[in-house]
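> Predicted model and sequence below, questions to follow.
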Amino acid sequence: MFNNSPQIFDKIISLCKRRGFIFASSEIYGGFAAIYDYGPYGVELANAVKREWWKSMVQYREDIVGLDSAIFMHPKVWEASGHVAGFSDPLAECKSCHERFRVDHLLEEAGISADEKMSEEEINKLFAENREKIKCPSCGKKDFTEARKFNLLVQSNLGNFAEDWTKNPVYLRGETCQGIYMNYKNVLDSVRVKIPFGIAQIGKAFRNEITARQFIFRTREFEQMEMQYFCSPEEEMQEYEKLRQVRWQWYLKLGLSQENLKWHQHENLVFYAKEAYDIEYNFPFGFSEIEGIHARGDYDLTQHSKFSKQDLSYTDARTNETYTPHIIEASSGVGRIMLAVLCDGYSEEGGRNVLKLKPQLAPYKVAVFPLLANKPELMAKAREVFEMLKSDFMTAWDDRGNIGKRYFSQDEIGTPYCLTIDFDTLQDNTVTIRDRDTMQQERVKVGELKDILIGKLS
Ligand code: GAP
């Protein structure tokens, strides 16, 4: 189903809350802007997305290893990386309603190519030239202040007990990859890896996003999945092309429809970057980035070597050459991928809502229903089946209401298979297995259930 409408988006957001996928943070206090919590089904979906990514990036790869670095790092990390000086968004305020907006987004929405990497001067020039075309999305007026750049790093007083701690803040990491650069040498010296090799990490990142919109698409606390691949200067672009293909195929395997995915090549590259592409998904609010794949040259390790005064060069045993490794990265957000998967899978058909998630992503793989909750012999047999399955599959139990309602309830959270234990089960030890998407039912032996499910879910 093609879910490109604001009405559908509202329905997906409402389903996420109603069915325990995503809640606004601290809701009883009115919520906390741009922060969300994952409920019982949301955490399963997020874990499944992370599991699939980890399998593809670490488990299946001999040349990539995992890492879990701390959220806090030495503040010099963020100076060396350029974030303290340059990690900022251009913002303007509507003089009429006083809402703030990202000017690069306002320009893009008016069909003018812009991005946050432009200098304050560049973006203000473009903004001034196109003032007539740009209306305030909130009140419709065309009267804005000039754009100013706001730094996105979130500051903290961790370990600093001075009253004026803001003079020497530490930062909650703005991207997880800096922890990878910090550990590049540790990994090299402690694990048997040789260039080319990668380090993968999943973890929280924090950004002071001013215009946080579109549900979990842009939040202030989010989880990134980043893989940094260290290679020789000569290998960089060849490895970059390979990585682009690997990442594109991963989204197809995750079940996203190809027509809802596209490449976006960056026009305004930062000075050190050789090439940068985003993979975009066609959300109900338009095509937007879910992953960035960047060829970063030797910028990162050169900067950290300069600021830390440590030698981060590498002597390549293949050529005897010594160089600072070049880096290509694949950087995606768990929340954005979850949102894409939910939008792609949401379907309304024949009076039911169905989340057509790939089985490996579904919060529950199978649900077990006793036909009647007031028949102890059916309940006992259903419990036996439930206990047998739960160690191998995330298994739901439901004995409320009628079977039809139970099916609809599981369809809405994406459970691919439902099993009903009825009076025939007591006679012949068979159950009905019902398929979420086709709604077809077949009768199978209890003793064969595990193998059947393994076959269907793999
Ligand atoms: N190390 C490179 C880097 O962080 P990025 O394009 O700023 O690049 C990478 O972020 C990915 O992280 C994005 O494609 C997106 O999926 C996710 N992401 C970034 N900012 C986000 C936010 N405010 N909320 C949710 N996800 C975000």
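Structure received.

> and the protein, which residues reach the ligand?
By the rule C-beta under 6 Å from any ligand atom, the part of the chain lying against the ligand is 175, 177, 207, 209, 218-219, 222, 224, 226, 289-292, 329, 331-333, 335-336. Every residue, glycine included, has its C-beta placed from N, CA and C.

> can you do 5 Å?
Contact residues, the chain versus the ligand (C-beta under 5 Å from any ligand atom): 175, 177, 209, 218-219, 222, 224, 289, 291-292, 331-333, 336.

> from these, which single one is nearest S232?
Lowest distance from S232 to these (C-beta to C-beta) belongs to C177, with 19.5 Å.

> For that closest one, which non-adjacent residue is spatially closest?
E226 (4.7 Å; C-beta to C-beta, 6 or more residues apart in numbering).

> Run me through the strand neighbours of the host helix or strand of the one you found, direction for each.
Following DSSP states H and E, one finds E226 within strand 221-231. With DSSP bridges as the test, strand 221-231 is paired with strand 197-206 (antiparallel), strand 326-333 (antiparallel).

> Relative to F423, which of those strands is closest?
Here strand 197-206 is closest among these (C-beta to C-beta), at 47.4 Å.

> and that closest one, C-alpha only, in CSV?
Extracted in CSV, the C-alpha atoms of strand 197-206 (Å, rounded to 0.1, in the frame of the first residue of the first chain):
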residue,chain,number,x,y,z
PHE,A,197,38.5,-3.1,8.2
GLY,A,198,35.4,-1.6,9.9
ILE,A,199,34.1,-0.8,13.4
ALA,A,200,30.4,-0.8,13.9
GLN,A,201,28.5,0.7,16.8
ILE,A,202,24.9,1.2,17.9
GLY,A,203,24.1,3.9,20.5
LYS,A,204,22.4,7.0,21.6
ALA,A,205,23.2,10.4,20.2
PHE,A,206,21.9,13.8,21.2
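
> That one - what's its average pLDDT?
Per-residue pLDDT over strand 197-206 has a mean of 98.

> cool, and stretch 119-135?
The pLDDT scores in stretch 119-135 average 91.

> Near S25, how many other residues are there?
15 (other C-beta atoms under 10 Å).

> sorry, that was for R173
With other C-beta under 10 Å as criterion, R173 counts 24.

> mind listing what the closest residue to the ligand within the chain touches?
Among all residues of the chain, G333 sits closest to the ligand, at 2.8 Å; criterion: C-beta to the nearest ligand atom. G333 makes contact with 222-225, 290-291 under the criterion C-beta atoms under 8 Å, 6 or more residues apart in numbering.

> run the last query once more with 7 Å
The neighbours of G333, taking C-beta atoms under 7 Å, 6 or more residues apart in numbering as the test, are 222-224, 290.

> what about burial for those residues, which qualify?
222-224, 290 (16 or more other C-beta atoms under 10 Å).

> The stretch 51-200 of the chain: helices as residue ranges?
Using DSSP state H, counting those that start in this stretch, the helices of the stretch 51-200 of the chain run over residues 76-80, 83-86, 103-109, 120-129, 177-190.

> Could you do the stretch 351-458 of the chain as well?
376-390, 403-413, 423-428, 449-457.

> And the stretch 201-350 of the chain, by the same measure?
Under DSSP H, counting those that start in this stretch, the stretch 201-350 of the chain gives helices at 236-253, 299-308, 334-345.

> Just name the most buried of those helices.
helix 334-345 (a mean of 24; mean count of other C-beta atoms under 10 Å).

> ok, residues contacting it?
By C-beta under 7 Å, 6+ apart, helix 334-345 touches 3, 12, 16, 45-46, 49-50, 215-217, 219, 222-223, 225, 254-257, 260, 281, 283-284, 290, 355-357, 361, 414.

> Next: stretch 19-33.
If you take C-beta under 7 Å, 6+ apart as the criterion, stretch 19-33 is touched by 16-17, 35-42, 45, 212, 216, 412-413.

> ok, those residues vs D164, which is closest?
Nearest to D164 among the contacts of stretch 19-33 is I35, at 27.3 Å by C-beta to C-beta.

> and the closest one, what pLDDT?
For I35, pLDDT reads 96.

> What of N3?
N3 is assigned 60 on the pLDDT scale.

> For the stretch 1-150 of the chain, give me the ranges with low pLDDT.
Scanning the stretch 1-150 of the chain for pLDDT under 70 picks out the ranges 1-4.

> All the strands of the stretch 51-200 of the chain, residue numbers only.
Counting by DSSP state E, counting those that start in this stretch, the stretch 51-200 of the chain has strands at residues 64-67, 88-93, 100-102, 148-151, 154-156, 170-172, 197-206.

> Output those as a markdown table; include the columns mean neighbour count and distance to C139.
Below are the strands of the stretch 51-200 of the chain laid out as a markdown table (neighbours: other C-beta atoms under 10 Å; distance: least, C-beta to C-beta, whole Å):
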| stretch | mean neighbour count | distance to C139 |
| --- | --- | --- |
| strand 64-67 | 18 | 47 |
| strand 88-93 | 21 | 12 |
| strand 100-102 | 21 | 11 |
| strand 148-151 | 16 | 20 |
| strand 154-156 | 16 | 29 |
| strand 170-172 | 21 | 33 |
| strand 197-206 | 21 | 30 |
